[in-house]
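Asker: Would you be able to build a 3D model of this:
(2 chains)
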Amino acid sequence: MTLQTKPSSAAMPGYAASVRQQFADTMLAVGQRDPKLVVIVGDISHGILQPFAAACPGRFFNIGILEPTMMGIAAGVARSGLLPVVHTIAPFLIDRSFEQIKLDFCYHRLHGNIVSVGSAFDYANLGCTHHCYGDIAMLKTLDRMQIVYPGSSVEFDTLFRQAYANEWVTYYRVPAKQHGLDIAPGDIKLGRALRVASGSNLTLISTGPQLRTVMAARERLAAEGWDADVLHIHTIRPLDVEAVRESAARTKAVVVVEEHMRSGGLGDDVLRAIYDVPGLRFASLAIPDHFVTGYGTYEDHCQSCGLTPDGVVEAVRAFGL
Amino acid sequence: MNEVVQMPVLNKDLRRKIVDMVTHGGDGHIPSAFSILDLVTYLYDNVLDVDPNNPSWPERDYFILSKGHGCLALYVNLWRKGFITDRDIATFCRKGGILGEHPDMTKVPGVEASTGSLGHGLGFAVGIALGLRIQRRDNRLFVLLGDGECHEGTVWEAAHVAANYRFGRLCAIVDWNQSGMQLLPHEDLPAKWRAFGWRTLEIDGHDPAAMAAAYDSIPFVPDDVPTVIVAHTTKGKGVKMIEGHGRWHHRIPNAEEYQAIMAALQ
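Answerer: Have a look, this model is predicted:
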């Protein structure tokens, strides 16, 4: 099935203009319905979460600047039978608190929801202390982790509602930018790839906001004879291996575009899923495996890492038609 | 530091059981278990409201052994209270058994947290306390930590939160056997807990009368400061040859040593 999508410069009706605001809106909506939802933050997003705090008294905690213990506390809240959501900036939420995620949540076989902002280089000018390119790679080493990387408000809202009360620990990587394509919530299913466009001789795979890059590249490549299948992966774990293999087997040419370190990112998982496709050509466009030390905007960082339509076009041209 | 009155060794039978488990299993931390055995045994006999027939009883007291390497002291008490079986004890550290060198919540009835990596237990307990408060439940929580563990920053993060949130049903017990003296001495450990806003008691961790007085003095009021019992203990307590911080930390007795330890525990 090909989705009926269209570029959109504004938010979809009923959804927030930023995924971060959508996070707050979704907490409010779900929290009013589910008395088990508890939101714990580490001195971030507390302003936008005040409606949740007011509507769900006694279930919002701005716990302090002590991320590992915040994670341990959230796991304890899960142990008591409730549904915790724990939230702060990705490097502190994941890098700093990794052992608490690993042991207090995963080893204990507890459920929970970990929602970041500021992954990759979303906080571009704050420098590498506030960047986080390896979060997905780290979390993939943990048993019982689901990894969700929405590229829009509707994806976050839909996937959170599908996952938040299940038995897994779910990481939601909330991006600063949206990809800008309208996707109907009914087309979004946890663990299933979205076929945004159908094609026959090229597979372009995106996650997070990079769907925008992939769609722009698809249009330019069409003029050069490439007919690209576009798969948008909002659930990195569990990966929809079947959809990826089906497309790769037909096109035998695959490019993965993501705002994550090359090592351990979606590209690695896709390649593992399709390495045995005869005649496969494969390229991974990702953040290089080193610190991004320059300053500038988010777009500048995308440019420097080759996460652009030009980057995708170049990679595909190298395949040869 | 106050002078600690040395009391007669308690619980020789459980100490012998621990030595048997370690010798048979080929692994384990005997001195760490001996350090806390009297504290843990007193808790299970006189303080904790738990049900071996229903370990997940919603009204139970929670006990978290944050210094997981002392788990032999926990295992023998879970065994004598009926949470685990003779077979479980006999298969300590053996293939197919449920008891390892650190306790596993998902395997062992009565274990509330899988500990081993230090500095996790108190934060986890604070989270349980928070969740219980949201549900308007007032279970008590007890967390046993080591003084070496108190080097971990997360202990103090959790201590800070617990005091500010006034979890008066939470009680920490610190096994102050001076492990920290080897590295970073805590010159006045009780003063540190007091500075973090905890009601701080200081006792001999091998003296049941002192434990009784301490627990009797804790109000356990839900909206109150939490309490810490800083317990002066001796690592390896009960057998002179293994006391202290030397090679016995993780040593398995050979045949000759086994006989000597058992003789000392008669």
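Asker: Name the helix or strand for the closest residue to residue A:51 other than its chain neighbours, please.
Answerer: Spatially, and ignoring its direct neighbours in sequence, residue A:51 is nearest to residue A:28 (5.0 Å; Cβ to Cβ, 6 or more residues apart in numbering or on different chains). (Glycine included, C-beta is placed from N, CA and C.) According to DSSP states H and E, residue A:28 maps onto helix A:19-33.
Asker: Counting neighbours, which bits of that helix end up buried?
Answerer: Within helix A:19-33, the residues that count as buried by 16 or more other Cβ atoms under 10 Å in any protein chain shown are A:19-31.
Asker: And the residue of chain B closest to chain A?
Answerer: residue B:127 (1.9 Å; Cβ to the nearest Cβ).
Asker: Contact residues of chain B facing chain A?
Answerer: Counting by Cβ under 8 Å from any Cβ of the partner chain, chain B comes close to chain A at B:105-106, B:112-114, B:117, B:120, B:123-135, B:137, B:154, B:157-158, B:160-161.
Asker: how deep is residue B:43 tucked in, by neighbour count?
Answerer: 22 (other Cβ atoms under 10 Å in any protein chain shown).
Asker: Show me where chain A has its strands.
Answerer: Along chain A, counting by DSSP state E, strands occupy A:37-41, A:60-62, A:83-89, A:112-117, A:145-148, A:169-173, A:194-197, A:202-206, A:228-232, A:235-237, A:253-261, A:281-287.
Asker: contacting residues for the nearest residue to the residue of chain B closest to chain A once chain neighbours are set aside?
Answerer: The shortest distance from residue B:127 to any non-neighbouring residue, by Cβ to Cβ, 6+ apart, is to residue A:76 (1.9 Å). With contact set as Cβ atoms under 8 Å, 6 or more residues apart in numbering or on different chains, residue A:76 has these partners: A:104, B:123-131.
Asker: Recalculate using a threshold of 7 Å.
Answerer: Residue A:76 makes contact with B:124-128, B:130-131 under the criterion Cβ atoms under 7 Å, 6 or more residues apart in numbering or on different chains.
Asker: What distance do you get for it to residue B:198?
Answerer: For residue A:76, the distance to residue B:198 equals 18 Å [Cβ to Cβ, to the nearest Å].
Asker: ok, now residue B:91?
Answerer: From residue B:91 to residue B:198 the distance is 39 Å (Cβ to Cβ).
Asker: Any idea how many residues pack against the residue lying closest to residue B:70 once chain neighbours are set aside?
Answerer: Leaving aside its sequence neighbours, residue B:70 sits nearest to residue B:32 (Cβ to Cβ, 6+ apart; 4.4 Å). When neighbours are defined as other Cβ under 10 Å, residue B:32 has 26 of them.
Asker: Dihedrals phi and psi, residue B:32?
Answerer: phi -60, psi -40 (degrees, to the nearest 10).
Asker: touching chain B at all, stretch A:142-152?
Answerer: No - figure legend: stretch A:142-152 not in contact with chain B (Cβ under 7 Å from any Cβ of the partner chain); closest approach 11.3 Å.
Asker: Could you list the residues in contact with that stretch?
Answerer: With Cβ under 7 Å, 6+ apart as the criterion, stretch A:142-152 contacts A:19, A:101-102, A:106, A:109, A:136, A:139-140, A:156, A:159, A:163, A:168-173, A:175, A:178-179, A:183, A:207-209, A:211, A:232, A:234-237.
Asker: list the buried ones in it?
Answerer: A:142, A:144-152.
Asker: Do me a favour and get the end-to-end distance for that stretch?
Answerer: 26 Å (Cα to Cα, to the nearest Å).
Asker: related to what we said a few turns ago, when residue B:91 and residue B:198 are compared, which one has more neighbours?
Answerer: Set residue B:91 next to residue B:198 and count neighbours by other Cβ under 10 Å: residue B:198 wins out with 22 against 17.
Asker: Which residue, neighbours along the chain excluded, lies closest to that one?
Answerer: Leaving aside its chain neighbours, residue B:198 sits nearest to residue B:228 (4.7 Å; criterion: Cβ to Cβ, 6+ apart).
Asker: these two touch, right, that neighbour and residue B:193?
Answerer: Yes - using Cβ atoms under 7 Å, residue B:228 is in contact with residue B:193, at 4.6 Å.
Asker: what does chain A put close to chain B?
Answerer: A:38, A:58-59, A:63-64, A:66, A:68-69, A:72-77, A:79-82, A:99-100, A:103-104, A:107-109.
Asker: ok so, going back, report the contact partners of the residue nearest to residue A:51.
Answerer: Contacts of residue A:28 (Cβ under 7 Å, 6+ apart): A:51-52, A:55.
Asker: same thing with residue A:53?
Answerer: Neighbours of residue A:53 in contact, by Cβ under 7 Å, 6+ apart: residue A:60.
Asker: Could you measure from it over to residue A:28?
Answerer: 9 Å.
Asker: who's the nearest residue to residue A:318 once chain neighbours are set aside bridged to?
Answerer: Of all residues not flanking residue A:318 in the chain, residue A:283 sits nearest, at 7.2 Å (Cβ to Cβ, 6+ apart). In this entry, residue A:283 is beta-bridged to residue A:255, by DSSP bridges.
Asker: mind checking how far residue A:283 is from chain B?
Answerer: Look at residue A:283 and chain B: by Cβ to the nearest Cβ, to the nearest Å, they are 40 Å apart.
Asker: What about that residue, how many residues nearby?
Answerer: Neighbour tally, residue A:283, other Cβ under 10 Å: 19.
Asker: Double-check it against residue A:258; I have them as touching.
Answerer: No - counting by Cβ under 7 Å, residue A:283 stays clear of residue A:258, with 11.9 Å between them.
Asker: circling back to that earlier point, find me the pLDDT at the residue nearest to residue B:127, would you?
Answerer: The model reports residue A:76 with a pLDDT of 98.
Asker: ditto for residue B:180
Answerer: 82.
Asker: List the contacts of it.
Answerer: B:147-148, B:150-151, B:186.
Asker: how about 10 Å then?
Answerer: B:146-151, B:186-187, B:189 (Cβ atoms under 10 Å, 6 or more residues apart in numbering or on different chains).
Asker: ditto for residue A:201
Answerer: Per Cβ under 10 Å, 6+ apart, neighbours of residue A:201: A:221, A:225-229, A:250-253, A:319, A:321.
Asker: What is the neighbour count of residue 203?
Answerer: No chain specified, so I'll use chain A. Residue A:203 has 26 nearby residues by other Cβ under 10 Å.
Asker: if you could check chain B rather than the one you did, that'd help
Answerer: 23.
Asker: Go ahead and confirm residue A:276 touches residue A:282.
Answerer: No - contact criterion Cβ atoms under 10 Å: residue A:276 and residue A:282 do not qualify, at 11.8 Å.
Asker: With neighbour numbers in mind, choose between the two.
Answerer: Each of residue A:276 and residue A:282 has its neighbours counted (other Cβ under 10 Å); residue A:282 has more, 19 against 9.
Asker: now the more buried one: how far from chain B?
Answerer: 39 Å.
Asker: And for residue A:30?
Answerer: Residue A:30 sits 16 Å away from chain B, going by Cβ to the nearest Cβ.
Asker: Skipping adjacent residues, who's closest to that residue in space?
Answerer: Using Cβ to Cβ, 6+ apart, the closest residue to residue A:30 is residue A:37 (5.7 Å).
Asker: now the one you found: how far from residue A:59?
Answerer: From residue A:37 across to residue A:59, the span is 7 Å (Cβ to Cβ).
Asker: Show me where the stretch 51-200 of chain A has its helices.
Answerer: For the stretch 51-200 of chain A, applying DSSP state H, counting those that start in this stretch gives helices covering A:67-79, A:90, A:98-99, A:135-140, A:153-163.
Asker: Point out where chain A drops to low pLDDT.
Answerer: Across chain A, the ranges flagged by pLDDT under 70 are A:1-10.
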